[in-house]
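Student: 3D model of this:
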Amino acid sequence: MGILLVVLVIVVGLLLVIATRPNQFRVQRSTVIGAPINVVFPLVNDFHQWTRWSPWEGRDPNLKRAHEGAPAGTGAVYSWVGNNQVGEGRMTITDSKPGESIVIKLEFIKPWTATNRTEFTFRQQPSGVAVDWAMSGPHNFMGKAFSLLMNMDARIGKDFDQGLALMKKAAEEDAQKTGAAAAPR
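Tutor: Okay, the predicted model is just below:
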């Protein structure tokens, strides 16, 4: 009987710890890109450009992509189906303010279901464009439990870091080809 009571106390304690975890998560990363905003912004605003910098693009050589809606900006839709590293999902640009921000509804379908908000903000700096990439969403009970085993910020943050580095490379190469200055003079 004593062992059963100990197990019950541990289970109840674990459930209480899980229940007190945050109801929301947010992951954010930033970089400065040495290119003008009119070169950087379209890389995010046009889902066709994501193949150049998205950290998930190279993880499945057989990734199936579909584009619908607007060609870019608000109303543009990108869907994908891939292997277990990229899963299946859909992104819809719900708000696009040229040179300022882009908001995306991100829907994961497989291997798990979730709907999150992704935001990109752009600010002109003397040395280029500061880009912030953030994702936020709700944590249900299972998400809270999972967060005890896996640090969401560390896991997704490294993908954001990689994507921003690839975006920086693509934008700076584009700016160099066109002779565009990084910041207004």
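Student: where exactly do the helices run in this protein?
Tutor: For the chain, the helices defined by DSSP state H cover 2-19, 37-45, 141-149, 152-178.
Student: helix or strand with the lowest mean pLDDT in this structure?
Tutor: helix 141-149 (a mean of 63; mean pLDDT, DSSP states H and E).
Student: ok, now which ones touch Ile93?
Tutor: Counting by C-beta atoms under 8 Å, 6 or more residues apart in numbering, Ile93 touches 45, 47, 70, 72-77, 102-104. The way it works is simple: take the backbone N, C-alpha and C, and place the C-beta from them, glycine included.
Student: hmm, 6 Å instead?
Tutor: 74, 76, 104 (C-beta atoms under 6 Å, 6 or more residues apart in numbering).
Student: then Asp159?
Tutor: Pro55.
Student: low pLDDT regions in this structure?
Tutor: Applying pLDDT under 70 to the chain flags residues 12, 14-15, 17-22, 140-150, 180-185.
Student: what is the neighbour count of Gly69?
Tutor: Gly69: 14 surrounding residues under other C-beta atoms under 10 Å.
Student: so it sits against Ser79, correct?
Tutor: No: applying C-beta atoms under 6 Å, one finds Gly69 not in contact with Ser79, separated by 10.5 Å.
Student: where's Val129 relative to Ala72, distance?
Tutor: Going from Val129 to Ala72 by C-beta to C-beta, to the nearest Å gives 18 Å.
Student: same check, this time on Thr121
Tutor: Taking C-beta to C-beta, one finds Thr121 at 18 Å from Ala72.
Student: so those two - more neighbours on which side?
Tutor: Higher neighbour count among Thr121 and Ala72: Ala72, with 19 against 16, using other C-beta under 10 Å.
Student: quick check: bridge partners of Phe25?
Tutor: Gly137 (DSSP bridges).
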